[in-house]
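Trainee: Return atomic coordinates for the entry below.
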Amino acid sequence: MTWIKVAETSEVKEKSGKELNVEGNRIALFRVNGNYFAIDAICRHQDGSLAPGALDGEIVECPLHSWHYNIRTGALLDYLDGVKLKTYKVDIRGNEIYLDF
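Mentor: Predicted coordinates:
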C-alpha cells in the first residue's frame, strides 16, 4: 500500500465533496455522516466533475446531466449496466486524510 496525504479533515465539509489532483489523477473526496469516501472525479458521461454534485446519503448526482454514482462502490446507478468508477481506501490520521494510491 502507498498512502498519500491528500487533505486535512477541515477541508471537506459534511455532505459535500472536494476535487483533488493526486499524482495527475482527478479524485473526488466526499464526507457523509463523518465518513470519507474517494472515487475518480470524472463522470463517464461528459467528463464533468462529481465533486460539486449533490449528495443524497452515499449517492452523488453529477451536476451536468444528473447521472448518479454510489460513492462507496463507484457504481453508476442509472443508464449503463456495469459501469464503475475507481474507488480509493481512505485513512484518517488525526486531522489528516490519506488515500491508498
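
Trainee: Tell me which residues of stretch 40-52 come out buried.
Mentor: D40, A41, I42, C43, R44, G48, S49, L50, A51 (16 or more other C-beta atoms under 10 Å). In short, each C-beta sits where N, CA and C put it, glycine included.

Trainee: Let me have those residues in CSV, adding pLDDT and secondary structure as columns.
Mentor: Below are the buried residues of stretch 40-52 laid out as CSV (pLDDT from 0 to 100; DSSP: H, G, I helix; E, B strand; the rest coil):
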residue, pLDDT, secondary structure
D40, 98, strand
A41, 98, coil
I42, 97, strand
C43, 95, coil
R44, 90, coil
G48, 91, coil
S49, 96, strand
L50, 98, coil
A51, 97, coil
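
Trainee: where do the strands sit along this protein?
Mentor: 3-8, 16-22, 25-32, 35-40, 54-56, 59-61, 68-70, 87-88, 90-93, 96-100 (DSSP state E).

Trainee: Redo those strands as CSV? Include distance to Y79.
Mentor: Shown next, in CSV, are the strands of the chain (distance: least, C-beta to C-beta, whole Å):
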stretch, distance to Y79
strand 3-8, 29
strand 16-22, 21
strand 25-32, 19
strand 35-40, 17
strand 54-56, 17
strand 59-61, 13
strand 68-70, 9
strand 87-88, 19
strand 90-93, 27
strand 96-100, 27
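
Trainee: To D81, which of the ones you listed lies closest?
Mentor: D81 lies closest to strand 68-70 among these, at 13.7 Å (C-beta to C-beta).

Trainee: For D78, see how far away V12 is.
Mentor: Distance from V12 to D78, counting by C-beta to C-beta, to the nearest Å: 26 Å.

Trainee: Just want to know which of the two has more residues nearby.
Mentor: Ranked by neighbour count (other C-beta atoms under 10 Å), V12 and D78 place V12 first, with 19 against 10.
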